[in-house]
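Colleague: I need the structure of the sequence given here:
(chains A and B)
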Amino acid sequence: MTERNQQRYETQTIEAKWQAYWEAHQTFRTEESGAKPKAYILDMFPYPSGAGLHVGHPEGYTATDIIARFRRAQGYCVLHPMGWDAFGLPAEQHAIRTGTHPRETTVANIANFRRQLKALGFSYDWSREIDTTSPDYVRFTQWIFLKLFERGLAYQQEVPVNWCAELGTVLANEEVKDGLSEVGGYPVTRVPLRQWVLRITAYADRLLDDLSLNEWPASTKQMQEAWIGRSRGCQVRFAVDQAPQVDGDEPLVLDVFTTRPDTLFGVTYLALAPEHPHLKALTAADQANAVAAYVEAARHRSDLDRKAAKTKSGVPLGTCARHPLSGEPIPLWVADYVLGDYGSGAVMGVPAHDERDFDFATICGLPIKQVIVRDDPTRAADIAPPGVLDAAVCEPGRLVNSAEFSGLTSDAASEAIAAALEAASAGKVAVQYKLRDWVFARQRYWGEPIPILFPVETTGDPRAGADYRIDYSQPIALNASELPLTLPDLEDFRPGSDPAGALARALDWRFVQRDGRWFARETNTMPQWAGSCWYYLRFIDPHNPKCIADPTKLREWLPVDLYVGGAEHAVLHLLYARFWHKVLFDVGAVPTPEPFAKLVHQGMILGEVEYGVYRDATGQPVSRTDVDLRADPPVRRADSAPLSLERVAPDQVTKNKRGDFELARDAGVVLEARAHKMSKSRGNVVSPDEIIQSFGADSMRLYEMFMGPLEATKPWNTQNIQGVRRLVDRAYQIARSADRTLRVEDCAESEALTRALHRTVRKVTEDIEALRFNTAISALMVLTQTLQDLVRVPQAAAETLALLMHPFAPHLGEEMWACLGHPPSIQSVPWPSFDPALCESDTIEVPVQINGKVRGRLTLRRGLAEAEVLAQAQSLEAVALNLEGKALIKTVWVPDKILTLVVR
RNA sequence: GCCGGGGUGGCGAAAUGGCAAACGCAGGUGACUUAAAAUCACCCGAGGUAACCCCUCCUGCGGGUUCGAGUCCCGCCCUCGGCACCA
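Modeller: Predicted coordinates:
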């Protein structure tokens, strides 16, 4: 190498040059596929935050970019787009703080994100860029809402919602953590509010069943299954003694859902949730005060309290219901372990066969009646005497004490009892879901307006201050031709105390007159999920003015072939998008039942590993093993002295025998050693800008792919980029110095070189297909080393290296290709092929094992028979030595792999 | 508590049931250099021997299946995610 020109690869100028070339030549513009096979390769598009990209974003984006470039080289027609999920709370809060219009913030943030993505050399078709806040896009988000509305899938409801006064908005259950808002950590209280709700529960079965159509991670499917939470059981109807009449003259009955109708004769009480609508009516006069006090206390208990208090509590209502089959009286109770919003808000208490009911009955002194015994002939007599059961028997078994059903198995009894209930008009087979309808209204400014009008009764012009009353019971859809309904310009974006939101103050926008009558617009906006529910459809035909996308094009491109994004979206985004897709499928707007055929989650990239030592107030170091970490701040176990955690530089750390890290000059002091999630507050965020600045975009891409498996959680380490940076330099030098006159066959090492080339092509091709980028890069490093060791590198060998390298390091690939005398772009060159026969050598080296230990090696021709291999093995000195005086019991010859001898 | 993923050198990691540690970082030695950086070459799990050969041990812990287990089975421990009274 010494006489070769060692000019270092100049990342700044070379990368800028090729990015400009791609832009000028529209290299990655998607062609309409025609006869070619198609590949729709999609990233989860980002929310363009003010902080810009962090290194976690490019991980998934690099993976899809590699696949996109690889597929193009293989002759696929590739759709690989990018856009912006640009509505959202941060821009609005920034607006509230600074008075800058969210539109301005959003435009600036998008420009910054786009610059950063382009600096990484991603091969997006930028002519398809989407912004969910643009009127062109909002038009169709609203159009889809109208479809939902037309089909009765969007309705209004007074819902007890999580109202956050600080944010001035309602939060979804999943946005509330421990009684505080997930964003900002403000207190949340439950208040009834008129909301738009989407009837996702109507699609529960299909959302569950169609998961099987998708090639998704099993864990993600399981999470969606758990979220939908389908359980089959029985709806049981309990008549109530002296039933009050509600809603007309029907006497009140209590419906409860159970998955265990076989335990029906074990019911000893019914428990109602504190939120149960008819609780008051069911309470006896002498219990009214006690019940009211209990309900009030439950209402004030935050989620936090309810989590802390594990013991159950309740108050009797002083009234009874009737067992639907036996007619026995069953006392009614209110208990806060019953959830108000699941099932009917009431449960039948079967203490003998349900852990929670058992706890409750034990605490409240209710009877425990066993009706199931284990169905085990060897232990026939294990019916506990009355009152002696020490834990609930939850497994199915055989029935006892259950009238004519005694003796049946749980399965048979469940069916028989359901039938008996049905015959008595006291119940039916039923399915219950955990999934709830989706609250789809936010009291915010920066979201899509909901395209609905309400009639207004008014004395004059409500915009001018006339009195008015809005009739929310008569929602009127806007006409599709009136879309998009855009946001009014506001000066003040604060939601204010009015739960109707900031838009309620935009009187000129809110009130419209038609045919002399006044109407009011809906002032709620859509949640941020709306835009991301269908953006993958718009990418297919982003400028279509007439419909979400041309049906022909949708048929051509759907479903998405590969969708890559974070596992944090495993449930919400992916479930909501599937729901909308199915509705659009029913409408006839999309041709497939499911949107995303294959899904992969990239793992999280953590900050650099940090070491820390605990110290007490005097500065004395305290071993981690002596620290009680449950306290806040952590304390020393011995005396509960409060401790602080101090960072320790990595070079002051050693590892001890037990595998713990210790202070190098203070052995025995065990350290805290962990990589943490990157966060601003921790100060461990790495920006792609600085990495590109010092190492180049190709090294950034290569490093993130080389760190480990795509799906794994991995700690960042800037120092490790050195390795892939060297790869870039070496590959570049090979291209610069390649000999254009030398053919591979004429090279001195021709046979070995041919084999190395074919094997590397095979390895890289297979690894890219399987998204094993780390091992593909490792193979490229090996090939680079092989070529570097040659005295003269044949042109064809350097070309193969360039072609294999370019999906990972596209700027380098183009530069190598140019150095090798070819016009751009390398992207238009077909992917190299390999010949399996040329991947293998004629001779192989196989180990010879004796009792599991390698004692020798044989160099053999392929395809030898066992007898011959054994003969050769026995002639090896080391093998002969180990066989001496022993009996050969067994030989195992795995052809061309390994020979194992078992001796005694 | 339940459901998932994971525990392999100083570090990131690799390994269709078939030679554990490929590839890379860091470290060490040498070459080049006045010197440093960069680059190049070699070494680099632990212990015994200690110059080499060689031997022994080693994939969180304990069992099992197998000629052969990081990989499969059973029982634990630790760790990271998710869910959490769902009747």
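Colleague: Could you say which helix or strand holds the closest residue to residue A:833 other than its chain neighbours?
Modeller: Nearest in space to residue A:833, with sequence neighbours left out and distances taken as C-beta to C-beta, 6 or more residues apart in numbering, is residue A:761 at 7.0 Å. For every residue, glycine as well, the C-beta is placed using N, CA and C. In this structure, residue A:761 is located in helix A:750-769 according to DSSP states H and E.
Colleague: Next one: that helix, is it in contact with RNA strand B?
Modeller: No - contact of helix A:750-769 with RNA strand B (C-beta under 7 Å from any atom of the strand) is absent, the minimum separation being 8.4 Å.
Colleague: What average pLDDT does the next helix or strand after that helix get?
Modeller: Once the chain leaves helix A:750-769, the next helix or strand it forms, by DSSP H and E, is helix A:773-788. Mean per-residue pLDDT for helix A:773-788: 96.
Colleague: near RNA strand B at all, whichever helix or strand comes after helix A:773-788?
Modeller: Past helix A:773-788, further along toward the C-terminus, the next helix or strand under DSSP H and E is helix A:795-805. No - judged by C-beta under 7 Å from any atom of the strand, helix A:795-805 stays clear of RNA strand B, getting no closer than 13.5 Å.
Colleague: follow-up on the earlier one: pull the number of nearby residues for the residue nearest to residue A:833.
Modeller: Using other C-beta atoms under 10 Å as the criterion, residue A:761 is surrounded by 22 other residues.
Colleague: any idea how far the closest residue to RNA strand B within the stretch 501-650 of chain A lies from residue A:708?
Modeller: Of all residues in the stretch 501-650 of chain A, residue A:567 sits closest to RNA strand B, with a separation of 6.1 Å (C-beta to the nearest atom of the strand). The spacing between residue A:567 and residue A:708, counted by C-beta to C-beta, to the nearest Å, is 16 Å.
Colleague: Looking at these two, which is more packed in?
Modeller: In this view residue A:567 and residue A:708 are compared by other C-beta under 10 Å, and residue A:567 has more residues nearby, 18 against 15.
Colleague: thinking again about what came up before, the residue of the stretch 501-650 of chain A closest to RNA strand B against residue A:601, yeah?
Modeller: Yes - using C-beta atoms under 8 Å, residue A:567 is in contact with residue A:601, at 4.0 Å.
Colleague: Next, the closest residue to residue A:127 other than its chain neighbours: secondary structure please.
Modeller: Of all residues not flanking residue A:127 in the chain, residue A:29 sits nearest, at 6.1 Å (C-beta to C-beta, 6+ apart). Secondary structure, DSSP: H, G, I helix; E, B strand; the rest coil: residue A:29 is coil.
Colleague: Residue A:29: neighbouring residues, count only.
Modeller: The criterion is other C-beta under 10 Å. On that basis, residue A:29 has 11 neighbouring residues.
Colleague: Would you check how far apart it and residue A:318 are?
Modeller: Separation of residue A:29 from residue A:318 (C-beta to C-beta) stands at 76 Å.
Colleague: Which parts of the stretch 401-550 of chain A are strands?
Modeller: Taking DSSP state E, counting those that start in this stretch, the strands of the stretch 401-550 of chain A run over residues A:427-432, A:438-439, A:452-458, A:468-470, A:476-477, A:511-514, A:517-521.
Colleague: for the last one, packing partners?
Modeller: The contact analysis (3 or more C-beta pairs under 8 Å, 6 or more residues apart in numbering; DSSP states H and E) places strand A:517-521 against strand A:452-458, strand A:468-470, helix A:507-510, strand A:511-514.
Colleague: What average pLDDT does it get?
Modeller: If you average the pLDDT over strand A:517-521, you get 95.
Colleague: go on, the third one?
Modeller: Across strand A:452-458, pLDDT averages out at 95.
Colleague: gap between that strand and the chain center?
Modeller: 41 Å (C-alpha atoms, centre = their mean, to the nearest Å).
Colleague: which other residues reach it?
Modeller: Applying C-beta atoms under 8 Å, 6 or more residues apart in numbering, the external contacts of strand A:452-458 come out as A:149, A:462, A:466-472, A:474-478, A:511-512, A:517-522.
Colleague: Can I get the buried part of those as one ChimeraX selection?
Modeller: Buried residues among those (16 or more other C-beta atoms under 10 Å), as a ChimeraX selection:
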select /A:149,462,468,470,475,477,478,511,518,519,520,521,522
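Colleague: of all of chain A, which residue lies closest to RNA strand B?
Modeller: residue A:723 (2.2 Å).
Colleague: next one: phi and psi at that residue?
Modeller: Backbone torsions for residue A:723, taken as degrees, to the nearest 10, come to phi -60, psi -50.
Colleague: what's the closest non-adjacent residue to it?
Modeller: In space, residue A:723 is closest to residue A:706, 7.3 Å off (C-beta to C-beta, 6+ apart).
Colleague: Can you give me the neighbour number for that neighbour?
Modeller: Using other C-beta under 10 Å as the criterion, residue A:706 is surrounded by 22 other residues.
Colleague: Might one say that it is in contact with residue A:776?
Modeller: No - shown here, residue A:706 and residue A:776 do not form a contact pair, counting by C-beta under 8 Å, at 9.2 Å.
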